[in-house]
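In: The sequence and its predicted three-dimensional model are supplied below.
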Amino acid sequence: MPEGPEIRRAADNVERALKNKTVEDVYFAFPHLEGYEVLLKGSNVTRVDTKGKAMLIRFDNGYTIYSHNQLYGK
């Protein structure tokens, strides 16, 4: 199943783009997550990890965004 390598490659790309950068803006599509936008603005991305098919974007304030990217293999 290609899910592990695919998500790791994507996470590496995201990490290259965001690591040690300050978050200027955040938008969540779901209203129940809007309160976290304020908590993440101004924080820095420390690393991007993977677990299974999930991508975990970690911030210097202790928060983590968990993103499941719906990879189903081929």
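Out: Done, it's in.
In: per-residue pLDDT, the most centrally placed residue in the chain?
Out: Nearest to the mean C-alpha position of the chain, counting by C-alpha atoms, centre = their mean, stands residue 57 at 3.2 Å. Note for residue 57: predicted pLDDT of 97.
In: For it, which non-adjacent residue is spatially closest?
Out: residue 65 (4.4 Å; C-beta to C-beta, 6 or more residues apart in numbering). To be clear about C-beta, it is placed using only N, CA and C from the backbone, and glycine gets the same treatment.
In: Could I get the full set of helices for this structure?
Out: 3-18, 35-40 (DSSP state H).
In: if we can go back for a sec, can you give me the neighbour number for the residue nearest to residue 57?
Out: Neighbour count of residue 65, defined by other C-beta atoms under 10 Å: 16.
In: Return, as residue ranges, the portions of this structure with sub-threshold pLDDT.
Out: Within the chain, the stretches with pLDDT under 70 are 1-3, 71-74.
In: now do 90
Out: 1-7, 52-53, 68-74 (pLDDT under 90).
In: Where do the strands of it begin and end?
Out: Assigned by DSSP state E, the strands in the chain fall at 45-51, 54-59, 64-68.
In: what's the shortest one in contact with?
Out: Read it as strand 64-68. Residues outside strand 64-68 that contact it (C-beta atoms under 8 Å, 6 or more residues apart in numbering): 40, 53-59.
In: Partner strands of that strand, with direction?
Out: strand 54-59 (antiparallel) (DSSP bridges).
In: Contacts for the partner strand, please.
Out: If you take C-beta under 8 Å, 6+ apart as the criterion, strand 54-59 is touched by 7, 10-11, 14, 18, 23, 40, 43-50, 64-69.
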